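In: This is a predicted model, with the sequence first.
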Amino acid sequence: MRVHLSTPLNAPPDWVAAQLQSTAVFRHITAPLVRFKRPGGAPWPAHWAPGDLRVQMWLLGLLPMGPQTVRISIEAPAQAGGWPTLRDNGEGALMRRWDHRITLQALPDGRTLYTDDIEVAARHLPWLMTPLSAAFAQLFYRHRQRRWRQLAAQHAAGATTPPWQQQAAFDHLLAAFALDAGAPPTTRWHWLEAAHVLGQTTLSLHWRSHTAMLRYALQLRDAREAAGQLLRLALVPLGHALARLPMGNIGRARVSAFAPMAPQPEITPLIDEALAATAVSETLDKKWPLRSTSLPKQLSNDE
């Protein structure tokens, strides 16, 4: 069965195409309805590339939907000078076929017409599950397009750090903390403090920063720090509900949970580095060209 949905985005096609290359943007627009994870906690590549990528799907982040193979390819545009089609001809534990194409069309007013075209075929009981899967695809891609419209609106309003990049940079800091396992505790705490400062304004990231701190305190057998993190975890929902967040606070038990703090020289460079590492360039990645003028030779010859 086929699902076809289009929506205008308040952004030029160049910007939309650049965002399409980012796996962090993909995870942002699919959340919270569906959350994707790498098997075994493997790191995500920064950008999509032609080929297969194995992922795990979780409905609302809670209900496992099984493994899925994302199979990326790029197809030549239907018209000369147009934008190529980004295709994910994937499959999974529940789906024998999940063929998704994304096309972009420049609108006269500078906006972009964004289109999702999906063909689905269920693996089991297709007479029943294929129509149900098509209904889910309607819901899922309407959700994605709503998130795309929000991102485009934030870009048009001049947002400096979009929410997807905040999460990507936060994940970058936690990954750096994990990779820095041989460093002294003082050094490793800086990664977690930077993650707390960066993610403090977002409830889920704020919570994750304190749970990471609690785990590390327990690993170090630091009873005082662990007790302080338990207290801060109890305060996180209240702080967001009352909009009382002490900006810049590093989140450690040795500082007041209610005191705003000036930028710390030890952690500000870590945040800047994480944001730079996860930024999506406004120019397209030459390794994965999306403009027809720079298509791989084999695609250009198909026009």
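Out: In hand now; what should we look at? Numbers count the residues shown, from 1 in each chain.
In: Please enumerate the helices of the stretch 151-300 of the chain.
Out: Per DSSP state H, counting those that start in this stretch, the stretch 151-300 of the chain carries helices over the ranges 163-179, 185-199, 203-220, 223-241, 268-278, 297-300.
In: Which residue ranges of the chain form strands?
Out: Along the chain, the stretches classed as strands by DSSP state E are 2-9, 34-37, 51-59, 63-75, 85-92, 95-106, 112-122.
In: any idea how far residue 195 is from residue 186?
Out: Noted for residue 195: a distance of 16 Å to residue 186, by Cβ to Cβ, to the nearest Å. C-betas here are computed from N, CA, C, even on glycine.
In: can you check residue 254 too?
Out: Distance from residue 254 to residue 186, by Cβ to Cβ: 12 Å.
In: Repeat that for residue 128.
Out: Residue 128 is 58 Å from residue 186, by Cβ to Cβ.
In: now residue 274
Out: Taking Cβ to Cβ, one finds residue 274 at 19 Å from residue 186.
In: For the two, indicate the residue with more neighbours.
Out: Between residue 274 and residue 186, counted using other Cβ atoms under 10 Å, the more crowded position is residue 274 (25 against 8).
In: Isn't that one up against residue 173?
Out: Yes - Residue 274 lies in contact with residue 173 (Cβ atoms under 8 Å); the separation is 5.1 Å.
In: what's the overlap in contacts for these two?
Out: Here residue 274 and residue 173 have 194, 198 as joint contacts, going by Cβ atoms under 8 Å, 6 or more residues apart in numbering.
In: could you check the distance from residue 102 over to residue 14?
Out: 15 Å.
In: burial of the closest residue to residue 220 other than its chain neighbours, as a residue count?
Out: Excluding the flanking residues, the one nearest residue 220 by Cβ to Cβ, 6 or more residues apart in numbering is residue 185, at 6.0 Å. Using other Cβ under 10 Å, residue 185 has 12 other residues around it.
In: again, but for residue 94
Out: Counted by other Cβ under 10 Å, the residues lying close to residue 94 total 17.
In: Same check on residue 238?
Out: 9.
In: so what's it up against?
Out: Applying Cβ under 8 Å, 6+ apart, the residues near residue 238 are residue 244.
In: what about it, distance to residue 257?
Out: 11 Å.
In: next one: residue 197
Out: Distance, residue 197 to residue 257, using Cβ to Cβ: 14 Å.
In: next one: residue 91
Out: Residue 91 is 48 Å from residue 257, by Cβ to Cβ.
In: just residue 75 next, same as before
Out: Residue 75 is 53 Å from residue 257, by Cβ to Cβ.
In: and what of residue 49?
Out: As defined by Cβ to Cβ, residue 49 lies at a distance of 43 Å from residue 257.
In: before we move on, what about residue 133?
Out: Going from residue 133 to residue 257 by Cβ to Cβ gives 47 Å.
In: Check residue 34 too.
Out: Separation of residue 34 from residue 257 (Cβ to Cβ) stands at 34 Å.
In: More neighbours: which of the two?
Out: residue 34 (19 against 15).
In: Just to check, the more buried one is in contact with residue 65?
Out: Yes - with contact defined as Cβ under 8 Å, residue 34 reaches residue 65; the gap is 7.4 Å.
In: Which residues are in contact with each of the two?
Out: 57, 58, 59.
In: What is the burial count for residue 235?
Out: Counted with other Cβ under 10 Å, residue 235 comes out at 14.
In: quick one: contacts for residue 46?
Out: Residue 46 neighbours (Cβ under 8 Å, 6+ apart): 22, 23, 24, 277, 278.
In: again, but for residue 87
Out: 72, 73, 74, 75, 99, 100, 101, 102.
In: Walk me through the domains of this protein.
Out: Residue ranges for the domains of the chain, per automatic domain parsing: 2-156, 163-278.
In: In a markdown table: those domains, plus mean pLDDT.
Out: What follows is those, written out as a markdown table (pLDDT from 0 to 100):
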| stretch | mean pLDDT |
| --- | --- |
| domain 2-156 | 90 |
| domain 163-278 | 90 |
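In: What is the end-to-end distance of stretch 17-26?
Out: 12 Å (Cα to Cα, to the nearest Å).
In: so how far is that stretch from its chain's centroid?
Out: How far stretch 17-26 lies from its chain's middle: 8 Å, per Cα atoms, centre = their mean, to the nearest Å.
In: That's all I had, so thanks and see you.
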